[in-house]
Structure formats: structure tokens, C-alpha cells
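1. 3D, please:
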Amino acid sequence: MSDPAAARVRSHYEAVGELYRAAWGDSMHFAVFSGDEPRPEAVAATERMLADEGEFGPLTSALDVGCGTGGPALAIAAYSGAYVTGIDLVPRHVERARERAVECGLTDRTHFEVADATQLPMPDETFDRVYAIESAYHAADKPRFYGECARVLCPGGLLLGTDWVRRGADRDERYLDAVREEFAIPDLLTLDELRHHLAQAGLVPEVVEDLRARGRVERNWEPLGAGAWPRLLRASRASEPTASRRFAAGSQALAAASDAGAFVLGHFVARKP
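-> Numbers count the residues shown, from 1 in each chain. Here you go, the predicted structure:
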């Protein structure tokens, strides 16, 4: 049985996904900034950080859970030489990822398919590494999400990534309600709850932290540069009528929740014994 939130998540990205791509490119995730570098540089550095942290190399088989249109998977495969399999709920995302693999000359290092992270179509102990970059928050059944990641991970392997989490204070809920509504999120974990789910999946958490421990994240909320607006205009014309409003409302909700300290970017590494 697919995750209860799967249909809503798929619908969300089918409606707004092209606007996300227009704004941020094929790596649709937040970044750790070290200084005043442009966002694309920070995004690439964040992907390299995860690959280095996971000790990815030419003999590594890795699963990207919630790969989107393939930006991180292709970047990590090119950087590390690892063989990366990407799965995503949205068929259009997978089609785009396959097209980009051809464009980048990485069809021999990558594979993309449509799949639900809570019922992975792979045998036990298939991958040396599993990573999830800002995808677990979409799952309604988070124990199943982390349990499936652990199931397909080889002994000694690592599950790592980043995710959206909440601080956990009651007064934050008015900010987080808007975030959950605008981004098709059933619920957000705290860092302590994330650590608990990793352990319950049979993994040994080695790092569970606020991503701010690795660098500056507040720059993710800076306004988009002028160069993004022509791309956004084209994407909005090709999207459903409410897409632009939803994109703007979501951006505002995230910025407000972050400013209030209610919304946190989490970073985790866990090992399978």
C-alpha cells in the first residue's frame, strides 16, 4: 500500500514543480552557505558535502530517495563516480531526470524510476549508501519511510541527508500550519523525533543536528534575483492558474516560519550495524 500522502505530494509537484525548477533549477533543495557565494555554488557544495560525508566513490552504489528531476543524483554521480539510483513519486520528474542523464553523459552511472519511498521495489541490502535530501518530510508514515531506507541498505552502510524539521514549541504551530498546507506535508518531526525514527529502523544515529552547525542557512530565504523572474513567468504560463499564488504563498510561509525559529533544516547520518 502506498503512503497515505503520496497522491497529495504527487499533485503538489505536478502543479508547482515547474515553478520550483524555474526558481532553483534541477537541485530543488536548500543549501549551506559558507559566505557570499551565489546559490548555485552553495547548492553544489552542499551536495559535495553529503557525498564526502558518505565517503561515496566509484565502487559505491547509492539510492537517492525523492530524487526530483535528478539534480543531486547527477551531481553526486559526476563528482564521486558512484552509481546512483534515483526514485521519485512524480513521473514527470523521472522523465526529466532521465533526459538530463543523457545530456550530462551519465546514463552509465545513474538510473531513475517512479517509486514510493515507503514501499521500495528493491531487495534487502541492495545499496551501500542511501540518502534523502528534503524528501522524508512528505511521508505520512515516517517509520515506514526510514524502515524502507534501512531495509535496502547493506550492513555497515550509511543513511544520510537533510530534511525539514520543527523546533517543537507550541507557539510555533501558527507558522507551521501554513508550511504544511502549502507544501503538502502531513507533519514535521523534531530533531529528537528524527533520531528516534532512525534508531527504531535499526540504525545507529551518528549525526542528528540543525544544519546551521555546518554553515549559513538563512541566505536560503533571500529574494530571488531579477534573472529568475523571466523563467518564473514562462513557468507560470505553462502551469495551472493557481500555481503562481501557491508558489508565492509557500515562499512567504517558509520565510516567516524560519524567521520565527519554528522551521529548521535538519541534517542526519546513521549507520546500519
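
2. low pLDDT regions in the stretch 1-150 of the chain?
-> Residue ranges of the stretch 1-150 of the chain with pLDDT under 70: 1.

3. quick one, what contacts residue 113?
-> Residue 113 sits next to 85-87, 94, 121 when contact means Cβ atoms under 8 Å, 6 or more residues apart in numbering. No exception for glycine: its C-beta is placed from N, CA and C like everyone else's.

4. for PyMOL, write the selection for the buried entries among those.
-> Selection of buried members from the contacts of residue 113 for PyMOL, criterion 16 or more other Cβ atoms under 10 Å:
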select buried, resi 85+86+87+94
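
5. what about the contacts of residue 113, which are in strands?
-> Counted as lying in strands by DSSP state E, out of these, are 85-87.

6. for those residues, which one is nearest residue 244?
-> Ranked by distance to residue 244 (Cβ to Cβ), the ones in strands among the contacts of residue 113 are led by residue 86 at 28.0 Å.

7. residues touching that closest one, list them.
-> When contacts are counted by Cβ under 8 Å, 6+ apart, residue 86 touches 63-64, 67, 70, 73, 94, 97, 110-113.

8. now it. Nearest residue, chain neighbours left out?
-> Nearest non-adjacent residue to residue 86, counting by Cβ to Cβ, 6 or more residues apart in numbering: residue 67, 3.0 Å away.

9. strands of the protein, start to end?
-> 61-65, 83-88, 110-114, 127-133, 153-166, 204-210, 263-271.

10. in the stretch 151-273 of the chain, which spans are helices?
-> Using DSSP state H, counting those that start in this stretch, the helices of the stretch 151-273 of the chain run over 173-182, 191-200, 228-237, 243-259.

11. distance to residue 10, mean pLDDT and mean neighbour count for these - can I get that in CSV?
-> Converted to CSV, the helices of the stretch 151-273 of the chain look like this (distance: least, Cβ to Cβ, whole Å; pLDDT from 0 to 100; neighbours: other Cβ atoms under 10 Å):
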stretch, distance to residue 10, mean pLDDT, mean neighbour count
helix 173-182, 16, 94, 16
helix 191-200, 23, 98, 17
helix 228-237, 18, 89, 15
helix 243-259, 15, 92, 17
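
12. which one of these lies nearest to residue 43?
-> Minimum separation from residue 43 across these (Cβ to Cβ) falls at helix 228-237, 14.1 Å.

13. from the contact counts, what lies against the closest one?
-> helix 6-24, helix 243-259 (3 or more Cβ pairs under 8 Å, 6 or more residues apart in numbering; DSSP states H and E).

14. 7 Å - rerun?
-> Under the contact criterion of 3 or more Cβ pairs under 7 Å, 6 or more residues apart in numbering; DSSP states H and E, helix 228-237 touches helix 6-24.

15. in the helix it packs on, what counts as buried?
-> The neighbour-count check on helix 6-24 (16+ other Cβ under 10 Å) flags 6, 9-10, 12-24 as buried.

16. look up the closest residue to residue 39, ignoring the ones flanking it.
-> residue 31 (6.4 Å).

17. backbone dihedrals for that neighbour, both of them.
-> With angles defined as degrees, to the nearest 10, residue 31 sits at phi -130, psi 160.

18. please report how far it lies from residue 75.
-> Plainly put, residue 31 is 12 Å away from residue 75 if you go by Cβ to Cβ, to the nearest Å.

19. name the residue in those two with the higher neighbour count.
-> Of the pair residue 31 and residue 75, residue 31 is the one with more neighbours under other Cβ atoms under 10 Å, namely 26 against 22.

20. can you pull the contacts of that one?
-> 39, 42-43, 46, 220 (Cβ atoms under 7 Å, 6 or more residues apart in numbering).
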